[in-house]
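> Sequence and predicted structure, then a few things I'm wondering about:
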Amino acid sequence: MPRHGSVRVRSTLLACLLPLLLGADDRKVEVPVDADGGVAVERIVAALADATGMDVTPPDAKLTLPVWGLSGSLGRSVLKDCLGEDVTFECEASRIVFLLPDSLGRADARAKWRGRLERIAAAAREAAARKSRLAMNARPSYRPNDPSRPTVCLVHGLNSSSGGFVHMIPHLEEAGYGIVLFDYAFNQPLDESCAEFRADWEAFRNRVGERLPWAILAHSMGALVARSYVEGPGRDAKDVDSLILIAPVSQGAHVARLQPVLQMVNQYAAVKRGLTTRALAELAQTAGRSADDMLPDSPFLKKINARPRNPAVPYHVISGDVGLLTAEGRKRIEDQVELLANRGGALALLTRAAVGEVAPILDELTDGTGDGAVTVESTKLPGAPDPIVLAASHTELIRAPSQFADPGPVVSMPWVLRWLESDRKGWDDAASRVER
């Protein structure tokens with residue numbers, strides 16, 4: 001008999017015997033929980049399928065679902081939604097214990113159970129596939145070694161993707177530029193993102209045989225990723241001819257402290273809407289490690305800012321000074337803080353201790369000093385030209401679709417196109433070398 005037939009026979013036999021053979025203890029299935037409070041989704045599927053005689057293939061994907069910590073309740077909610085109300089489980093410090101229902105002896109119940117296991121396996125594969133798509137990819141406009149269509153590589157920032165440039169890309173392509181996009185997991189430590197950028201940059205250019213230099217246009221945190229390569233050791237000295245940094249977090253941002261909250265909001269929204277694949281993808285992300293790297297005076301910022309600027313690459317910086325608060329709104333907040341600080345009791349002590357942290361955040365959020373995420377002062381980079389300051393917010397500078405659904409004008413585009421054109425001489429010189 002073929003192997004798949006024998007599997008069906010064993011599964012059918014197990015279905016009949018399951019209620020008779022399994023006592024309360026035997027219906028328990030244990031899966032280990034790692035030191036960070038997460039459990040591997042593939043191990044859950046494998047253990048539950050094996051215990052119930054299901055030939056469901058576990059996802060060949062390294063995806064961890066949190067069951068403890070800040071996101072633990074959301075992870076448990078996703079698990080309950082995927083497995084159904086009749087499956088109960090308890091989360092312990094080092095393991096998660098599932099209790100299988102007696103109903104699995106019925107054919108209809110087993111069919112539903114198989115569907116549930118297949119659903120979570122498929123969602124885990126798709127969530128992992130999303131991560132595997134994080135790499136350097138070219139749009140159809142890109143043509144390697146074509147001096148008539150120079151290349152611009154776009155690098156996104158925190159809580160974003162290359163899709164954040166959707167309103168900028170048409171302007172660049174209409175102006176005659178080819179586009180390459182770099183996507184990365186924005187919550188992971190920045191050292192990892194920087195290493196991935198370098199590896200993907202070199203692998204992509206080697207794969208297509210690229211010999212001409214590219215321009216790099218980076219937004220927000222992406223500027224740190226781009227700089228790590230441009231200013232790093234051992235790179236090809238002729239592969240970048242222009243570096244455009246829009247709202248770069250050069251000296252850090254205090255609002256990065258809010259990233260764990262924003263991440264929780266995104267996770268909650270995905271779980272609440274029943275989007276299993278998205279929920280798994282969101283929950284599997286590292287908890288805001290890049291935000292820690294962007295805090296002022298972080299070890300990462302100290303390290304990258306200690307490097308000299310690359311004298312062979314033209315730097316250009318754009319900042320915005322339209323924040324989320326008006327000067328009047330800020331004054332009202334400061335008055336309330338002062339009022340609390342002058343009152344007696346423990347609340348006054350806590351308020352006075354927090355005043356030193358509130359002021360820098362307000363600078364980032366207030367018109368005239370910040371763009372809602374980073375101050376103009378923090379975008380400055382010693383050794384690079386002072387920023388061009390535009391009347392726009394952090395997202396408005398690139399017309400991010402999260403805030404602007406329609407294409408409309410992109411306020412930074414005139415400056416971007418002007419700089420790309422002025423740096424074109426590097427492309428022309430490289431092209432003449434290629435032709436010779």
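Yep, that arrived.
> what about the stretch 101-250 of the chain, any weak spots by pLDDT?
Across the stretch 101-250 of the chain, the ranges flagged by pLDDT under 70 are 130-133.
> center of this structure, which residue is that?
Taking CA atoms, centre = their mean, the centroid of the chain lies closest to Phe186, which sits 2.9 Å from it.
> Just to check, that residue is in contact with Glu192?
No - using CB atoms under 8 Å, Phe186 is not in contact with Glu192; the gap is 10.8 Å. In short, each C-beta sits where N, CA and C put it, glycine included.
> circling back: ignoring the adjacent residues along the chain, who's closest to the residue nearest to the centre of the chain?
If the residues on either side of it in the chain are set aside, Phe186 comes closest to Leu158, at 5.2 Å by CB to CB, 6 or more residues apart in numbering.
> Ala226: which element?
helix 222-230 (DSSP states H and E).
> sorry, back to before: for the residue nearest to the centre of the chain, list the residues it contacts.
156-161, 193, 221, 290 (CB atoms under 8 Å, 6 or more residues apart in numbering).
> List just the nearest of the residues you listed to Lys238.
Of all the contacts of Phe186, Ser193 has the smallest distance to Lys238: 24.1 Å, by CB to CB.
> What segments of the stretch 201-350 of the chain are helices?
222-230, 259-272, 276-283, 289-293, 299-305, 327-342, 346-365 (DSSP state H, counting those that start in this stretch).
> the strands in the stretch 101-250 of the chain, which residues?
136-138, 151-155, 178-182, 214-219, 240-246 (DSSP state E, counting those that start in this stretch).
> Neighbours of Val29, how many?
By the measure other CB atoms under 10 Å, the count of residues near Val29 is 19.
> That one belongs to a strand?
Yes - using DSSP: H, G, I helix; E, B strand; the rest coil, the assignment for Val29 is a strand.
> and the gap between the nearest residue to Arg330 once chain neighbours are set aside and Leu74?
Leaving aside its sequence neighbours, Arg330 sits nearest to Thr366 (CB to CB, 6+ apart; 4.7 Å). Distance of Thr366 to Leu74, given as CB to CB, to the nearest Å: 33 Å.
> Check Ala138 too.
36 Å.
> the more surrounded of the two?
Leu74 (21 against 16).
> Please give the element, helix or strand, for the more buried one.
Element membership for Leu74 (DSSP H and E) is helix 72-83.
> Buried ones in that helix, by neighbour count?
Judged by neighbour count (16 or more other CB atoms under 10 Å), helix 72-83 contains these buried residues: 72, 74-79, 81-83.
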